[in-house]
Each structure stands twice: as C-alpha cells, then as structure tokens.
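1. Predicted model and sequence follow; I will ask about them next.
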Amino acid sequence: MTAPENEDLNFEDALAQLENIVRELESGRIKLDDAVNAYEKAVRLKQLCENKLQAAKLKIEKIELKSDGSIETTPFEVPESQI
C-alpha cells in the first residue's frame with residue numbers, strides 16, 4: 001500500500017482492513033511471504049488509524065457550562081488510563 005492510498009482511506013475503512021488482516025493472520029492459513037506482507041500493511045494501517053485519531057483529538061474541544069452561565073471551551077484530553 002502506498003502513501004497516497006493511505007491518505008484516501010477514512011478511519012473506518014482503514015480499521016476494517018486492519019481487522020481483516022488480523023483475522024487472516026490469526027487463522028494461520030496464510031503463507032509466510034503473504035503473512036509478512038500482510039503484517040507490513042497492518043503496521044501502515046495501524047499508523048494511519050493512530051494519525052487520524054490524533055488529528056480528530058486535536059479538533060475536539062470540551063464544552064463546559066460555568067457557574068455564572070457562560071460557556072467555556074477547553075481542549076479535550078483523554079485520561080492516560082484510557083489510552
């Protein structure tokens with residue numbers, strides 16, 4: 001898979017492809033050379049998914065209603081325990 005192909009995939013499609021590769025590898029019915037190629041593709045898909053999640057995280061803001069009734073936004077942060 002080349003870089004331009006990666007960029008065209010949305011998160012859901014990349015994740016679905018990654019899940020299919022994992023199932024195929026776990027089945028044990030794949031030839032060694034094919035398994036290595038599938039693993040390399042899976043690594044690229046995993047990185048793509050991580051990049052897309054990181055980009056989405058940077059766009060998300062937490063909206064809070066303050067005690068005086070005003071609205072404040074702050075960057076959304078996922079607790080370390082959930083990562």
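-> It's in.

2. which residue ranges form the helices in this structure?
-> 3-8, 11-27, 32-59 (DSSP state H).

3. where does the most centrally placed residue in the chain land on pLDDT?
-> Compute the mean C-alpha point of the chain, and by CA atoms, centre = their mean the closest residue is C49, 2.3 Å away. C49 carries a pLDDT value of 96.

4. surely it meets L18?
-> Yes. With contact defined as CB atoms under 8 Å, C49 counts as touching L18 (6.7 Å). In short, each C-beta sits where N, CA and C put it, glycine included.

5. about what we covered before: turn the helices of the chain into JSON lines, columns for distance to E72.
-> Output for those, formatted as JSON lines (distance: least, CB to CB, whole Å):
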{"stretch": "helix 3-8", "distance to E72": "35"}
{"stretch": "helix 11-27", "distance to E72": "29"}
{"stretch": "helix 32-59", "distance to E72": "18"}
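
6. Run a quick neighbour tally on the residue nearest to I21 when sequence neighbours are not counted.
-> Spatial nearest neighbour of I21, excluding adjacent residues (CB to CB, 6 or more residues apart in numbering): A42 at 4.5 Å. Other residues within reach of A42, judged by other CB atoms under 10 Å, total 18.

7. now do L9
-> 17.

8. now swap in L45 and tell me
-> Look at L45: counted by other CB under 10 Å, it has 23 neighbours.

9. any idea how far D33 is from it?
-> 19 Å (CB to CB, to the nearest Å).

10. what sits against the spatially closest residue to E72 that is not a sequence neighbour?
-> In this structure, E72 finds its nearest non-sequential neighbour in E64, 5.1 Å apart by CB to CB, 6+ apart. Going by CB atoms under 8 Å, 6 or more residues apart in numbering, E64 touches 71-74.

11. Show me the contact partners of stretch 65-80.
-> The contact list for stretch 65-80 (CB under 8 Å, 6+ apart) reads 57, 60-64.
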